[in-house]
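Peer 1: how would this look folded up:
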Amino acid sequence: MRSKRILSTILTICIFLSLLVPAKATGLTSSEKADVLKSLAVFGSSNLEAQVKRYEAAIYAVRVLGKEAYVKENADTLKQTKYTDVDSKQAYAPYIGYCEGAGLIKDSSAGKFNPDKNITEKAFLNIILGTMGYIYKTDYTISNIYSKAYDIGLYTDSSYKTKTADNTNFKKSDVVNILYNALSKNKKGTKIRLIQNLVSEKVISKETAISTGLLSDSVLTAIEKVMVLDQTNIFVKINEPIQNLTINNIKIYKTGKPDKVLTFTIKSQGSDGSFVLNTGAQEALESYTIEMINIKDIEGNEAGTLTSTFEGVQGSEIKSDFFRISKVMPISKDCINIYFTHPVNINSQVASSYEIWEGEKLFVKGSSQTIAVRTIPETENAVSLYLNRTSFVKDSIYVLKINGNLTSAYGVKINDGSGDSVKFKGTDSIINSSSGNNSPSELTLSNISLVDNQTMRLEFNMEISPTLAKQLLNYYITDSNGVQLTVKQAALATETGKKDRIVFVSINGVFTQGASYSLTIDYMTDVTRQYIIDGKKYPFTASYPGKVNMLINGITGIDGNTLKITFNKALDKESAENISNYLITGINHTNYSAVPVKAIYDPVADPNSVKLYLVSTNPMQKDKVYIVSVMSTLKDNIGNSLSGRLQGVLTCTNGTVTKPAIKEAVIISSDSIRVSFNKEVLIEKQTILTSNYILQYNDGRDTVVKVPIGICVINETTFILKFDSLDFNTAYKLSCVNIKDFTGATSDAQSFKDVTMGSK
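Peer 2: The predicted model follows:
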């Protein structure tokens, strides 16, 4: 019984293998090849010794392209050709017309085709190579046409590799061999055989094509690659060309949850089996399954259900007017940085506001024992969260959850009190404390450089104590002989992205270019006094550029009582905001003279510029010319005074006095409106009275007005107005009264601004 079962199994395998082997794939005679071509409706002659007419070549070309039915259906149009010797009444006329339009044939001579003349072998090859996508004079010439035909497999006789003389005794037996070989070869630049034209045009079935040995289905269709391009686009590559897709061929859903479908459209499809899908917003780091159903390759072979998975991409950040998590950036195995859409303050350091989950399991519940949360000095809208008792695992998926009690610096609860969450991937890297990633491990001096022959620039890896930074005794400098250099000044400075991390230290005397020195930090702490540098020595070599004097780079008039001066160097804040350092006098504005009533300097936003405000009752006038003088007492950010007074010329192009007004009013929560003014306003008791702000709306019957229950001042241009409640579907208008700017200008009493709904 066992031997019978083995015999039965062998017989089954043999039958299966026989179905895979094409019938008579090789070694056929010309007559047998002619029979195959007849079964494909490509060749119909029985006299293989007859020579081939030129019109017959056109018919063969149409047939191998699978276009004979098309030619017959459009005969009335195609039979009208440009050749004077092609009679439109002849049955072959539309075939010639099709080949003419397809660029497969050219004039024989003087606008004639000579349809009844015998065609030579080279001329026939020229037509057949055209059906395969090869271009005359680009891919080959008449002189090398035989070698080209040999290279692509139209001939097997190696003599054709060097043959040049044309065959004028070209017979139908030769046609049979060329057509047979051509049908089994790939079209130029593709993996698609010429015979597939007959299958795709439904001249023959796929099974018929395979049975001739000219076509096989040796490639098992599979998904080769799925690549996420962004949150709404994915690229998919099938391992072979496929027929046109429809949305019915594809399904995308959360892995393991077929009912959680991700919508999509087919954005584009390539001829190589690739396509791009435009999806709905993918959930960050969510696993999705893409399912391909009943797709067909170019040969018409239908694949079963194909599946692959991909991971939803993490968006760069969330943009919102509401208080939300913008993004999470993994920093190390025990640290993540959390970025918000609002500025944050000490409220964000409450550990109990945070939880981290790994799948369905609570990974860390926030408490003073499990995590530490610190604001990041370099930015106003981020915190670093440190794990105390555990570590993240590389590439594991975590979910950060923040409860709805966390409030921003605007006094707004996160996600309007609903809480917020975001996914992130763990990393196993270790923080480099000198990289500026706000490491809690130690305070370090990360860089020493010289800005001139008297001044050092010291950069620390975190925000340092302002008091200690300015104490001269904390800096001990010696030359290579151990001789101490006297420190005359230490100034704490802020550069973009480096808040209170830069100190400029100046000495009496000068540093010698190229000489060796040593700096000892006697005692320095970070701003929280948790981390200390105590008596640490730092060697350095003096290298500095030539001294650069401070110059005015430009003066810009904003309006009649506001101007901005831009210098070539950063300024000392205290000096820059000293109004006695500036004087504006008229050139053709008789007897005009003004000292600013206010000077504002923002070292983070624009360290080289200062904005000056003139009293509103004495503005500059349009088209008048003024001299702007800067006194020598102005200092740069390393404490150097000017070598002399600087002056620049300003032509006033806008002499109006701009009154303070609401530039934008945006709802940022169910009880808060963010108000942005068109210019800086004076922060005084009168300005922050709630009665100065009137919110107006219609309740369907009457016009209703109300005032805020509180005001949060963010800066001179941004206030947060707190109300008892706001309805997101109500159209509000807001006005401000009795609001003054630095120049003394007052807002218009009844100027209402539409309140817009912020993005969530």
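Peer 1: Sketch out the strands for the stretch 551-700 of the chain, chain order is fine.
Peer 2: 552-559, 562-567, 582-586, 593-594, 598-600, 609-613, 625-630, 646-651, 662-669, 672-677, 693-698 (DSSP state E, counting those that start in this stretch).
Peer 1: any chance of those in a markdown table, with distance to residue 211, mean pLDDT and mean neighbour count too?
Peer 2: Backbone N, C-alpha and C define where each C-beta goes, glycine included. Shown next, in a markdown table, are the strands of the stretch 551-700 of the chain (distance: least, C-beta to C-beta, whole Å; pLDDT from 0 to 100; neighbours: other C-beta atoms under 10 Å):
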| stretch | distance to residue 211 | mean pLDDT | mean neighbour count |
| --- | --- | --- | --- |
| strand 552-559 | 83 | 94 | 16 |
| strand 562-567 | 82 | 96 | 20 |
| strand 582-586 | 95 | 97 | 18 |
| strand 593-594 | 99 | 96 | 14 |
| strand 598-600 | 87 | 95 | 18 |
| strand 609-613 | 82 | 96 | 22 |
| strand 625-630 | 93 | 97 | 18 |
| strand 646-651 | 89 | 95 | 15 |
| strand 662-669 | 72 | 96 | 20 |
| strand 672-677 | 75 | 96 | 21 |
| strand 693-698 | 79 | 95 | 18 |
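Peer 1: Switch these over to JSON lines; also include distance to residue 514.
Peer 2: As requested, the strands of the stretch 551-700 of the chain are exported to JSON lines (distance: least, C-beta to C-beta, whole Å):
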{"stretch": "strand 552-559", "distance to residue 514": "32"}
{"stretch": "strand 562-567", "distance to residue 514": "30"}
{"stretch": "strand 582-586", "distance to residue 514": "40"}
{"stretch": "strand 593-594", "distance to residue 514": "49"}
{"stretch": "strand 598-600", "distance to residue 514": "40"}
{"stretch": "strand 609-613", "distance to residue 514": "35"}
{"stretch": "strand 625-630", "distance to residue 514": "35"}
{"stretch": "strand 646-651", "distance to residue 514": "33"}
{"stretch": "strand 662-669", "distance to residue 514": "54"}
{"stretch": "strand 672-677", "distance to residue 514": "52"}
{"stretch": "strand 693-698", "distance to residue 514": "63"}
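Peer 1: Need the phi and psi values for residue 307.
Peer 2: When read as degrees, to the nearest 10, the backbone of residue 307 gives phi -130, psi 150.
Peer 1: Double-check it against residue 222; I have them as touching.
Peer 2: No - in this structure, residue 307 is not within contact of residue 222 by C-beta atoms under 8 Å, at 10.2 Å.
Peer 1: can you pull out the strands in the stretch 201-350 of the chain?
Peer 2: Using DSSP E, counting those that start in this stretch, strands in the stretch 201-350 of the chain cover 223-230, 233-238, 250-254, 257-261, 264-269, 274-279, 287-292, 306-311, 325-332, 335-340.
Peer 1: and the end-to-end length of stretch 110-129?
Peer 2: In stretch 110-129, first residue to last residue: 24 Å (C-alpha to C-alpha, to the nearest Å).
Peer 1: list the buried ones in it?
Peer 2: Within stretch 110-129, the residues scored as buried using 16 or more other C-beta atoms under 10 Å are 113-115, 118-129.
Peer 1: nearest to residue 198, of those?
Peer 2: residue 128 (14.8 Å; C-beta to C-beta).
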